[in-house]
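Student: got a predicted model here, sequence first, then my questions.
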Amino acid sequence: MRVVGAAVAAVLLLLTGAGEASAQPGILLSQEELPPAAVPAQAGDSVRVRYSTLRTATAAGESTGSIFLPRGDPPDGGWPVVSYAHGTVGIADQCAPSAAGFNYVELPAIEQWLAAGYAVVATDYAGIGTAGVNAYLDGPAAAANAVDIVLAAHDVYGDVLGDRWIVTGLSQGGHATYFAARGATTRAPALDYRGAVAVAAPTHLEQLFPAAGPAIPALPTTGIVNYALLTLAGIDDQRPGVDIRRYLSPKGIELMELAKVTCSRELGRYLLAHPTSVGDLFAAPLWNEQFRELFREMQQVPVDGFDRPLRVVHSLSDTSVPIPLTWAQLAEMQQHGVKWVHPARARRRRRPGPTVRTWAQSSENCYRSR
């Protein structure tokens, strides 16, 4: 199955040209062994793949990612699949989870899914491990990355994977999950998409980022300068016509370039040692229609069109993504006809457990939803 999938991709590239072939979602372009540090302890067979997907909301490209199988023999019908969209790790190539592995926050959930008998596929996102800079928080692109790796995984392991799958993600990946939840059935119609779990997902960013400029006051939200720099770096590389540098201060340009080559933890340490506010990054405000339209295209989270269950998970104590953003998102979804209910009202009270357990149980509930 692996050889056939790679051979088909190669033939398509030869017959149609790389640009046209890459516009088709989920084509397996290559595969290789994962470094030991990137393989969870609960994984059986695993592989790193490169596949066709979206580069930005409007441009085709490629991404890399990881595929992990559980240990043992697959069940009848094959292993169900969890597509995991990771949180912010940075946009440099060395930050890709398929190269560096998953961090202590995300790895336990992946281990638990594998132990429970779910195959896990995890995109790196286009531009992290592939050419160019990641279009950070470009929701349509990240969503396509998370859907298309499921298609590529069936090229590699189609004989042991089932058609049932869900998508879930944390923070940056939670943002992508909203977009994937609306488009998964259409983008991968041959598979049996069951639902999504969005965890600590930032929303309403398209209303916040255009307000950036030299006069913006310092904000108490942790990591906001880091997130701003990653967003600016992606725009600078992937949308050069916007000429984002014209709006940045010399310090903003310097830090943006640093963000392109360092991972988030190192960037965060640098910013702690060199305190910087969002306003310090800018020489001119972004408040114009060009940027308002750009951020709507990249970041405006869907509020309707979900054809499968969507579970939203968020901590009241989150200081990176304040929960009022999610409350506003749920209110807008309700206004657009999406019915939602707090889980405490939907089921009898259960003994509280760790967040990872709740997250994994949410995943299993999606599979049982139909």
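Tutor: Everything's here; your move. Numbers count the residues shown, from 1 in each chain.
Student: now the helices: where do they sit in this structure?
Tutor: For the chain, the helices defined by DSSP state H cover 2-16, 18-22, 97-100, 107-115, 139-157, 172-187, 205-208, 224-238, 250-261, 264-273, 289-299, 323-335, 343-346, 355-367.
Student: nearest to residue 199, out of these?
Tutor: Within the helices of the chain, the stretch nearest residue 199 is helix 172-187; the backing value is 4.9 Å (C-beta to C-beta). Where C-beta positions appear, they are placed from N, C-alpha and C, glycine not excepted.
Student: any weak-confidence spans in this structure?
Tutor: The model of the chain has pLDDT under 70 over residues 1-23, 220-222, 344-370.
Student: what residue lies at the spatial centre of it?
Tutor: Geometric centre of the chain, nearest residue: residue 173, 3.3 Å, by C-alpha atoms, centre = their mean.
Student: counting neighbours, what do you get for the residue nearest to residue 245 when sequence neighbours are not counted?
Tutor: Excluding the flanking residues, the one nearest residue 245 by C-beta to C-beta, 6 or more residues apart in numbering is residue 253, at 5.9 Å. Neighbours of residue 253 under the rule other C-beta atoms under 10 Å: 16.
Student: isn't residue 67 up against residue 156?
Tutor: Yes - in this structure, residue 67 is within contact of residue 156 by C-beta atoms under 8 Å, at 6.1 Å.
Student: which neighbours do those two have in common?
Tutor: 47, 49 (C-beta atoms under 8 Å, 6 or more residues apart in numbering).
Student: quick one on the thing from earlier: check contacts around the residue nearest to the centre of the chain.
Tutor: 84, 85, 86, 87, 142, 146, 199.
Student: change it to 10 Å
Tutor: Applying C-beta atoms under 10 Å, 6 or more residues apart in numbering, we find residue 173 in contact with 83-88, 106, 122-123, 125, 142-143, 145-146, 167, 180, 198-201.
Student: which non-adjacent residue is nearest residue 144?
Tutor: Going by C-beta to C-beta, 6+ apart, residue 144 has residue 54 as its nearest residue, at 3.9 Å.
Student: how near is the one you found to residue 61?
Tutor: With distances taken as C-beta to C-beta, to the nearest Å, residue 54 is found 6 Å from residue 61.
Student: ok, now residue 39?
Tutor: Note on residue 39: its distance to residue 61, by C-beta to C-beta, is 26 Å.
Student: more neighbours: those two, which one.
Tutor: residue 61 (22 against 19).
Student: ok, the more buried one touching residue 138?
Tutor: No - with contacts counted by C-beta atoms under 10 Å, residue 61 stays clear of residue 138, the gap being 11.0 Å.
Student: quick check: neighbours shared by those two?
Tutor: When contacts are counted by C-beta under 10 Å, 6+ apart, residue 61 and residue 138 have 54, 55, 126, 127, 144, 145, 238 as shared neighbours.
Student: with adjacent residues omitted, what lies nearest to the second one?
Tutor: In space, not counting the residues next to it along the chain, residue 55 is nearest to residue 61; the distance is 2.7 Å by C-beta to C-beta, 6+ apart.
Student: quickly list what that neighbour is bridged to.
Tutor: With DSSP bridges applied, residue 61 shows beta-bridge pairing to residue 53.
Student: now do the contacts for residue 320.
Tutor: Counting by C-beta under 10 Å, 6+ apart, residue 320 touches 87, 88, 171, 200, 202, 221, 222, 223, 224, 226, 227.
Student: make a PyMOL selection of the buried ones in those residues.
Tutor: To isolate the buried members of the contacts of residue 320 in PyMOL, using 16 or more other C-beta atoms under 10 Å:
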select buried, resi 87+88+171+200+202+223+224+226+227
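Student: now the contacts of residue 320 as a markdown table including distance to residue 291?
Tutor: Shown next, in a markdown table, are these (distance: C-beta to C-beta, whole Å):
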| residue | distance to residue 291 |
| --- | --- |
| 87 | 25 |
| 88 | 21 |
| 171 | 23 |
| 200 | 25 |
| 202 | 18 |
| 221 | 20 |
| 222 | 24 |
| 223 | 21 |
| 224 | 17 |
| 226 | 20 |
| 227 | 16 |
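Student: now, which of the contacts of residue 320 lie within strands?
Tutor: Members of the contacts of residue 320 lying in strands (criterion: DSSP state E): none.
Student: nearest to residue 323, of the contacts of residue 320?
Tutor: Residue 323 lies nearest to residue 200 out of these, by C-beta to C-beta, at 8.7 Å.
Student: pretty sure the closest one is touching residue 106, no?
Tutor: No - with contact defined as C-beta under 10 Å, residue 200 and residue 106 do not form a contacting pair (11.5 Å).
Student: intersection of neighbour lists for the two?
Tutor: Both residue 200 and residue 106 are contacted by 87, 169, 170, 171, 173, under the criterion C-beta under 10 Å, 6+ apart.
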